[in-house]
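Asker: quick one, fold the following:
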Amino acid sequence: MDNSDLHKMQNEFLEIQNSLRKKLNCIDRFDKNKIKTAAGVDLAYWNTDGGEFAVCCIVVIDFKTHNVIEKQQYSGQINVPYLPGFLAFRELPLVLKAAEKLENKPDLYMFDGNGCLHPRRMGIASHASFYLDTPTVGVAKTYFRIDENAVYTEPDDKAGSFTDISLNGEVYGRALRTHDNVKPVFVSSGNYISLGTATELTMSLVSSEGRIPLPTRLADIETHIARAALQNGK
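Answerer: Numbering: from 1, shown residues only. Just a heads-up that it's a prediction; the model follows:
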């Protein structure tokens, strides 16, 4: 794919993102006290014979007990090149195929990635919400700097402490400390949920085993298992 094709693709993606952005509704579309299940979504990549492949794993857990209810996965070749800010166009086809296999529709999806913490508020969690028709949250392990002026202050070293990430007076996400003295995660609304509720639910789903919420941590573990199996032809 030459530069002119990449430029055309990027413009098409940009138009789609700007169109969807107008439809974002980051207020609670549900009663948070009635959430029964939450799903974690993550992907892992590998290369074979010059082609790029990925597997998407979704793990659904019981919101209160944190027991695993269901696991599903879907793998395939990635045909969209990596373009910064347009990750969803690479990953969404696999995400939706994996979600179609779920027998238990989750009340909430958590993505190992961003939602509104994105230059156009259209990270994978936000983009996917329109197809999943379910509240979504982005919880990233590292900070995706959406603009050179979008800086944040480190939250206090106490679990539950956070600082907002703002640009031109508008809040895009939060740096959240999920345990005492650990690196923060970066939480943002995907869609159909407020940032305050997204933060609260993220904290309620963090276990003692790690700094990221259990749904995405389990999904991350599953992607490594699935990738190894697929690479070995199983």
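Asker: low pLDDT regions in this protein?
Answerer: Along the chain, segments meeting pLDDT under 70 span 234.
Asker: quick one: the strands in it, in order.
Answerer: Using DSSP state E, the strands assigned to the chain run over residues 37-48, 51-62, 68-77, 109-111, 136-140, 162-167, 170-176, 185-191.
Asker: redo those as JSON lines? Include distance to Thr199 and mean neighbour count.
Answerer: (Each C-beta comes from the backbone N, C-alpha and C, glycine too.) Listed next are the strands of the chain as JSON lines, based on distance: least, CB to CB, whole Å; neighbours: other CB atoms under 10 Å:
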{"stretch": "strand 37-48", "distance to Thr199": "14", "mean neighbour count": "21"}
{"stretch": "strand 51-62", "distance to Thr199": "19", "mean neighbour count": "21"}
{"stretch": "strand 68-77", "distance to Thr199": "24", "mean neighbour count": "17"}
{"stretch": "strand 109-111", "distance to Thr199": "12", "mean neighbour count": "30"}
{"stretch": "strand 136-140", "distance to Thr199": "9", "mean neighbour count": "29"}
{"stretch": "strand 162-167", "distance to Thr199": "6", "mean neighbour count": "17"}
{"stretch": "strand 170-176", "distance to Thr199": "6", "mean neighbour count": "21"}
{"stretch": "strand 185-191", "distance to Thr199": "5", "mean neighbour count": "29"}
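Asker: and of the ones you listed, who's closest to Glu103?
Answerer: Closest to Glu103 of the strands of the chain, according to CB to CB: strand 68-77, at 6.2 Å.
Asker: point out the other helices and strands that that closest one packs with.
Answerer: Here strand 68-77 touches strand 51-62, helix 88-100, helix 214-231, going by 3 or more CB pairs under 8 Å, 6 or more residues apart in numbering; DSSP states H and E.
Asker: gap between Ile165 and Lys97?
Answerer: Per CB to CB, to the nearest Å, Ile165 is found 32 Å from Lys97.
Asker: about what we covered before: can you add distance to Pro155 and give the helices and strands packed on strand 68-77 back as CSV?
Answerer: Below are those laid out as CSV (distance: least, CB to CB, whole Å):
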stretch, distance to Pro155
strand 51-62, 26
helix 88-100, 27
helix 214-231, 19
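Asker: ok, the spatially most central residue of the chain - contacts?
Answerer: For the chain, Phe111 is the residue whose C-alpha lies nearest the centre (CA atoms, centre = their mean; 2.3 Å). By CB atoms under 8 Å, 6 or more residues apart in numbering, the contact set of Phe111 is 40-42, 123-125, 128, 136-139, 190, 216.
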